[in-house]
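J.: What follows is a protein structure lacking sequence information:
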């Protein structure tokens, strides 16, 4: 059994996979379910001119925002800038390319790329700038725009648990973009909170089968909360 | 709480949904995970000229094969005839229309129909009769054929467990076509082995969220085995 | 004069029907959940991957793995199901959600909606809004009738980049309720203390009978 | 003369590499699992929705909810994962499976494959074969070199409806192993007791050096 998917650190897990100008799909929504350790390893690697497909770009100074600070990102493919000041600043100043994708189109483009579907039609964005320059087609009297599948050089993903064969389980809304992002990379590296023994995951409860996963690391996650909202207990 | 998804019988669950010439998506692979009770109710209803999208058409005298015996099916959309003698006989004699779809294309057409995707490109079937008369397009130097999303009047589906909100859990390989079939019907009726109380399914373990499910029944299933293969215990 | 944010949310809540699956946008739409009528059981979808969104957690019970599309910590309910973003937008695009209630920067008389950017000034991003307006059964917009400068946000044509073309069914503002119909907007209801003349004066869009 | 079914399967098993995900077709390919070399860990995909297919169950332990693509009762392994048909073919179409080993009625020198129907006579259906040959990394065909009438099944061009065009990489028959290369087929290996002259005589396709 020479073959193993389990690596000791994020740096090791990315060894040999990085090159300047590469494309990366990243899981996560806001700061929820983001591959914190792999992002730190990308910062440490100093790989540059990255094109990253991710719904958001973290926040100022955390998550993918760290790679904005170090100017390692050439282009983002995202649906939301939101309150990320440095993201907006780099985009408005022209330092950063930004390809806006509607959130569902981005998720479907990742899934399609992983599923061998090079193009699909959606009504999302028809009649808006999103459809500019794209082919459209009428189905049953309605206009749809052709969107393409995304195939990226690398996927970086955060899951809750993995077994050594790479079967993944996610937790609550931290699942989000992670499974589709995992499928669209030529190589998929996953960080988890816990690697559990083979056979300890119920085969009916696996969210993403190990075939999509090439390398796994276990580590500690900060899991920062972006908007802490609570209610008071009734007296 | 006037609104409920739970019905008392397959006949009740199909009440008001059936009409001659309608289209139906059915879950199941071979005889595994097929909606036995809803098929029986379709036989009893005498609804006719059905177009059914299902990977197989049961076997002689069981599963969807029952609807072949009663000549209620006008057209099948399937990937496999296999050893179903009556299916092959009706097709070769011209009594039954048969639209062959590659298995993966059929599954994806169901998923696409349910996901608001009216068309997608696949390399499957390029250069074969499957691509005859269909649009093709080159992406990155390779030819792909345009396949359409399937939207059917009704989905009939078999799951293992449901909660009253329609959240579904499947068991082992009985999952198969059931989730994509469930999503592509304008109305989806599901039969399960057990309806469990709300809150008893782990929200991370739900295979198909209740939003796709309109009516649910619980009942007894024969679950016939098509090919019983075993090995001997070592002495 | 007219409705405040909570009254607008309460009015929007009257749009909901028993058994519906609904997506609520960020801002005023979030408040709708506080006014769902008795006996009306709706399930809230959060497009980051959840059906059956519950209220904010009690202090100390926040879970970083459980947030809504506005990145706020929330809780689950007995009927909750989680799924990934591709599945989430499959159900949105596939028309499985009965209604979306969204905020807006501008709405036009033909139902065009703009709510994701102000060129050169504010780049928010469309998030899931373009998918929602293209996919859900019915789109209700909740917003102030005019901007801070007193200019109408209910226009003949939007001036900002669109989120969707001909997608809005009903507009609920602080001044009343308008439906998008053939030829323009139709007044459905006036807010408390607002006259038809006042609403007409604050509306750039064509009003039809 | 040449290899029997089990020897063909054993030869096909030599194609497997450690860590690979593989799909085995119905018939002789099913036997490949009995000959996987020591130290080579492969995971079998069954296109009806399973990775990590185990052996047949012990008598009395058959589970109607657990079958393979040939509808045979099987078992699960510690690494098994189940999924639906859309996900199953997403991974097939998406190139995640390293190799498929399939049976065939005919193969051509340009790698065309026919294995799903004989017009007017036998309608089997393509099942998942068209998706497999279009999607997986490498396609190996295992079949008899000739039909019952002694006619070559290794042809210049297929006569039956195709499963895929230019999709086969390697052909393993009872007479030997052939690779699809530029200009025709290249002899890789002769089966035990088969001469090159015998193989050439039984092959309609062009053989190149």
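T.: Good, I have the coordinates. Treat the numbers as computed from the prediction; the structure is a model and nothing was measured. Residues are numbered from 1 along each chain as shown, chains lettered A, B, ... in the order given.

J.: do the worst-scoring helix or strand of chain C on mean pLDDT and chain A meet?
T.: In chain C, no helix or strand scores lower on mean pLDDT, DSSP states H and E than strand C:122-123, which sits at a mean of 84. Yes. Using CB under 8 Å from any CB of the partner chain, strand C:122-123 reaches chain A at residue C:123. In short, each C-beta sits where N, CA and C put it, glycine included.

J.: contacting residues around whichever helix or strand comes after that strand?
T.: Next along the chain after strand C:122-123, taking DSSP states H and E as the criterion, comes helix C:129-135. Residues outside helix C:129-135 that contact it (CB atoms under 8 Å, 6 or more residues apart in numbering or on different chains) are A:102-105, A:122-126, A:128, A:130, B:116, C:23, C:25, C:47, C:89, C:92-95, C:97, C:100, C:102, C:113, C:115-116, C:139, C:163-164, C:167-168.

J.: who does the least confident helix or strand of chain C touch, helix- and strand-wise?
T.: For strand C:122-123, the elements it packs on are helix A:85-92, judged by 3 or more CB pairs under 8 Å, 6 or more residues apart in numbering or on different chains; DSSP states H and E.

J.: for the helix it packs on, which positions count as buried?
T.: Of the residues in helix A:85-92, A:86-88, A:90-92 count as buried by neighbour count, 16 or more other CB atoms under 10 Å in any protein chain shown.

J.: So what touches the helix or strand just after it?
T.: Downstream of helix A:85-92, the next assigned helix or strand under DSSP H and E is strand A:97-100. Residues outside strand A:97-100 that contact it (CB under 8 Å, 6+ apart) are A:74-79, A:81, A:91, A:130, C:123, C:125-126.

J.: I'd like to know which of the residues you listed are buried.
T.: Applying 16+ other CB under 10 Å to the contacts of strand A:97-100 flags A:76-79, A:81, A:91, A:130, C:123, C:125-126 as buried.

J.: List only buried entries from the contacts of helix C:129-135.
T.: So, by 16+ other CB under 10 Å, the buried ones in the contacts of helix C:129-135 are A:102-105, A:122-126, A:128, A:130, B:116, C:23, C:25, C:47, C:89, C:92-95, C:97, C:100, C:102, C:113, C:115-116, C:139, C:163-164, C:167-168.

J.: Among the residues you listed, name the ones in helices.
T.: A:103-105, C:89, C:92-93 (DSSP state H).

J.: Export those residues as a markdown table, with columns for distance to chain D.
T.: Listed next are these as a markdown table, based on distance: CB to the nearest CB, whole Å:
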| residue | distance to chain D |
| --- | --- |
| A:103 | 20 |
| A:104 | 17 |
| A:105 | 18 |
| C:89 | 15 |
| C:92 | 17 |
| C:93 | 15 |
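
J.: Can you narrow these down to the ones near chain B?
T.: C:89, C:92-93.

J.: Residue 44: what secondary structure?
T.: Reading this off chain A. Look at residue A:44: counting by DSSP: H, G, I helix; E, B strand; the rest coil, its state is helix.

J.: Sorry, I should have been clearer: chain C.
T.: Assignment for residue C:44 (three-state DSSP): strand.

J.: in the sheet, who's paired with the closest residue to it other than its chain neighbours?
T.: Computed as CB to CB, 6 or more residues apart in numbering or on different chains, the closest residue to residue C:44 that is not its neighbour in sequence is residue C:53, at 4.1 Å. With DSSP bridges applied, residue C:53 shows beta-bridge pairing to residue C:76.

J.: Now for residue C:53, how many residues are close by?
T.: When neighbours are defined as other CB atoms under 10 Å in any protein chain shown, residue C:53 has 22 of them.

J.: Chain neighbours aside, what residue packs nearest to residue 127?
T.: Picking chain A for this. residue C:165 (3.0 Å).

J.: Sorry, I should have been clearer: chain C.
T.: residue A:80 (4.6 Å).

J.: in a helix, that's where the one you found is, yeah?
T.: No. Looking at residue A:80 with three-state DSSP, it is coil, so not inside a helix.
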